[in-house]
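[1] A structural model of the following input is requested.
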Amino acid sequence: MGILYVNGIIRTMAHEHDVHPAMFIEAGRIVAMGDEGKLRRRFGKRVESIENLNGKAVYPAFTDAHIHLIGYGEAIGRVDASRYMTLEELGQAFLKAEAINGIHVAEGYDETKLDQAPTKAWLNQLFPTEPALLKRTDRHTVLVNDVLFEQLGYKASTVIEGGKIGLLDSGEADGFLYDAAMEPLYALQAGSTERNKSSLRAAIKDLYRHGIVAAHTEDLSYHGALNEVLSAYKEVTEETGFHAHLLVHHLVLDEFIQANPVLPDTLSIGAIKLFVDGALGGRTALLHRGYSDDPTTRGIEVHSQDQLEQLVKRARSYGFTVAAHVIGDLAIERFVDVLEKYPAPKGTRDRIIHATVVRPELLARIRKLPVLIDVQPVFLLDDADFAEARLGLKRLDSAYRLKSLAGTGALMCGGSDAPISNPDVRRALYAATVGKAGRINKSNEVLSMYEALLLFTKNPHVATETHGRKGMLLPGYDADFVIFEEDFYRLADEQILTNRLVETVQQGKTVYRQEASLTTT
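    Prediction:
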């Protein structure tokens, strides 16, 4: 017995204009698409109920192809610094928050959106005797107070390979830690199995309200012992049916290989994850030449070229592909150099993650590689307040190049990088198809709505070889779909941002419904 959905705009995503008015689902699968009358006659008594879509639009449920699931769940329960406009308001909220593992933590500040930039003196005044940590929105820069700085065993003179300790003009540490200098914090904040399960449940519940029922995630090395993190993933994904494709951080690669875990159908394993550079906002993304607003730095090289080669060779020795975080053009160049030297195993693809600043000659080289590119269209919106300052107008031409990246022929997948950014797919669709934010105009680099939707529907499942069952609305596929009030194809500009998600369905079961707006007979 199944459900017949009628009177809708049901987009299969198999082709740009493949649309049907009705769809019959049964036992968690799509059985048939077509005209209502034909489906009624064909399935007759097998139709248990009829859902009238009343002209609403239906798409395959979304997949976020780059997220940190546990980290996102943790952030939901913490102080969200992005909500505050003044440093005083942020401080008041920070003081009220409960400490985690004895450390006071707030997430997601952006100094360009506050009336004053946070400083060590400000954080010391808030927490003079207890450790405190404020994470920048990109999570490649953090501010710690003196108590935590000393707990980490750091001094102003400490040299960190692949990272750095910020200094005042006086030579005193300013409380800011960048990239690899943050790594000791992971152990201090590591969650228990129960806390990780709670974070995963919170993340998945929130993602359902954005129409997201699957994710490619990287968080196996930040939240405690590997076996405990995997245990939390197994339990929660089997409990919810949410599918997680796990990237394996290079720091836990050997441990993962030795463990050789048996995983349920709700989990799959992807590439080895490594970082080549940092983030644009904190000036740690690795650029070919100095930052326009600070020519003294080109960013941070997390791994030397020799180290990068060794990491890729190690991954290849285990038969893995490699996924690299690369934002600056020099970081992309370094990674491409290695991929050309040590290509992916035949029939597989390495991952280029972010690719924010890409010079034309790099596009030509990427075109020749077997890669997929994880793009975050929302970065255009998130970076709008500082991108021009960091890059300058001329170099901005080489940034946020969705159309150009698509032109390389690489498979493109869309993600949010949550909790770095908001996982609301509408923001990504807006950024990808409009290409404007603040003073930045990248309308020459936009995608069509069909291409933008592919980033979050079909393409992530092509990447994980689950496209024969997920990512499109076709007979035999899982009944994973979302229902929106309006058809995105018919919306323009800000209308995209306000299109209301009515329902999220996972394997035929409603996992989120905003309100009872469908007519059931």
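
[2] mind checking how far Met13 is from Ala61?
    Summarising the geometry, the distance separating Met13 from Ala61, computed by Cβ to Cβ, to the nearest Å, is 11 Å. Placement of C-beta: from N, CA and C, glycine included.

[3] Can you say which helix or strand has Ala32 in it?
    Here Ala32 is covered by strand 29-34, with elements defined by DSSP states H and E.

[4] Let's see that strand as PDB, backbone CA atoms only.
    Presented in PDB, the C-alpha positions along strand 29-34 are these (Å, rounded to 0.1, in the frame of the first residue of the first chain):
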ATOM      1  CA  ARG A  29      10.500   3.700  -2.800                       C
ATOM      2  CA  ILE A  30       9.300   5.600  -5.800                       C
ATOM      3  CA  VAL A  31       7.200   3.200  -7.900                       C
ATOM      4  CA  ALA A  32       6.000   5.400 -10.800                       C
ATOM      5  CA  MET A  33       5.700   8.900 -12.200                       C
ATOM      6  CA  GLY A  34       3.200  10.300 -14.600                       C
END
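
[5] which one of Met13 and Ala61 has more residues nearby?
    Using other Cβ atoms under 10 Å, the more surrounded residue of Met13 and Ala61 is Ala61, with 25 against 19.

[6] rewinding a little: shared neighbours, Met13 and Ala61?
    Both Met13 and Ala61 are in contact with Thr457, where contact means Cβ atoms under 8 Å, 6 or more residues apart in numbering.

[7] Could you list the low-confidence segments of this protein?
    Applying pLDDT under 70 to the predicted model, the residue ranges of the chain that meet it are 516-521.

[8] Spatially central residue in it, please.
    What sits nearest the mean C-alpha location of the chain, by Cα atoms, centre = their mean, is Asp417, with 2.4 Å.

[9] sec struct for that residue, please.
    When the structure is split into helix, strand and coil by DSSP: H, G, I helix; E, B strand; the rest coil, Asp417 lands in coil.

[10] pretty sure it is touching His66, no?
    Yes. Counting by Cβ atoms under 8 Å, a contact exists between Asp417 and His66, whose distance comes to 5.5 Å.

[11] what's the overlap in contacts for these two?
    Common neighbours of Asp417 and His66, using Cβ under 8 Å, 6+ apart, are Gln376.

[12] Pull up the pairing partners for whichever strand or helix holds Val142, direction included.
    Element membership for Val142 (DSSP H and E) is strand 141-144. Applying DSSP bridges, strand 141-144 is found paired with strand 132-136 (antiparallel), strand 173-179 (antiparallel).

[13] so can I have a markdown table of those showing mean neighbour count and distance to Gly163?
    As requested, the strands paired with strand 141-144 are arranged in a markdown table below (neighbours: other Cβ atoms under 10 Å; distance: least, Cβ to Cβ, whole Å):
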| stretch | mean neighbour count | distance to Gly163 |
| --- | --- | --- |
| strand 132-136 | 24 | 14 |
| strand 173-179 | 22 | 4 |
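
[14] Where do the helices of the stretch 301-450 of the chain begin and end?
    In the stretch 301-450 of the chain, the segments counted as helices under DSSP state H, counting those that start in this stretch are 305-317, 329-341, 360-366, 379-382, 387-396, 402-406, 425-434, 449-454.

[15] Same check on the stretch 1-150 of the chain?
    Remark: helices of the stretch 1-150 of the chain, listed N- to C-terminal, are 36-43, 69-76, 87-96, 120-126, 146-151; assignment by DSSP H, counting those that start in this stretch.

[16] Next, the buried residues of the first one.
    By neighbour count on 16 or more other Cβ atoms under 10 Å, the buried set for helix 36-43 is 36, 39, 43.

[17] Over to the last one?
    If you call a residue buried by 16+ other Cβ under 10 Å, then helix 146-151 has these buried ones: 146-149, 151.

[18] ok, now the fourth one?
    The neighbour-count check on helix 120-126 (16+ other Cβ under 10 Å) flags 120, 122-124, 126 as buried.

[19] hmm, back to that, now render the buried residues of helix 146-151 as a markdown table, adding distance to Tyr5.
    Conversion of the buried residues of helix 146-151 to a markdown table gives the following (distance: Cβ to Cβ, whole Å):
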| residue | distance to Tyr5 |
| --- | --- |
| Asp146 | 60 |
| Val147 | 57 |
| Leu148 | 53 |
| Phe149 | 57 |
| Gln151 | 56 |
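
[20] Which two of these have the greatest separation?
    Largest separation among those by Cβ to Cβ: Asp146 and Gln151, giving 9.5 Å.

[21] Enumerate every residue touching Pro21.
    Taking Cβ under 8 Å, 6+ apart as the contact definition, Pro21 lies against 6-10, 34-36.

[22] which one of the residues you listed is nearest Glu228?
    Checking the contacts of Pro21 against Glu228 with Cβ to Cβ, the nearest one is Ile10 at 41.9 Å.

[23] Who are the contact partners of the closest one?
    The contact partners of Ile10, taken as Cβ under 8 Å, 6+ apart, are 19-23, 33, 53, 57-58, 473.

[24] beta partners of it?
    Once the bridges are assigned, which here means DSSP bridges, Ile10 pairs with His20, Val58.

[25] does Val312 really touch Val322, like I thought?
    Yes. Here Val312 reaches Val322: they are 5.4 Å apart, a contact under Cβ under 8 Å.

[26] Give the intersection of the neighbour lists for those two.
    Residues within reach of Val312 and of Val322 at once, by Cβ under 8 Å, 6+ apart, are Leu339.

[27] Please point out which parts of stretch 16-29 sit buried.
    Buried residues in stretch 16-29, counting neighbours by 16+ other Cβ under 10 Å, are found at 19-26, 29.

[28] Next, the buried residues of the strand holding Ala32.
    For strand 29-34, the neighbour count (16+ other Cβ under 10 Å) marks 29-33 as buried.

[29] Summarise which helices and strands the strand or helix carrying Glu239 is packed against.
    Glu239 belongs to helix 226-240 when assigned by DSSP H and E. If contacts are counted by 3 or more Cβ pairs under 8 Å, 6 or more residues apart in numbering; DSSP states H and E, helix 226-240 sits against helix 193-208, strand 243-249, helix 253-259, strand 267-275.
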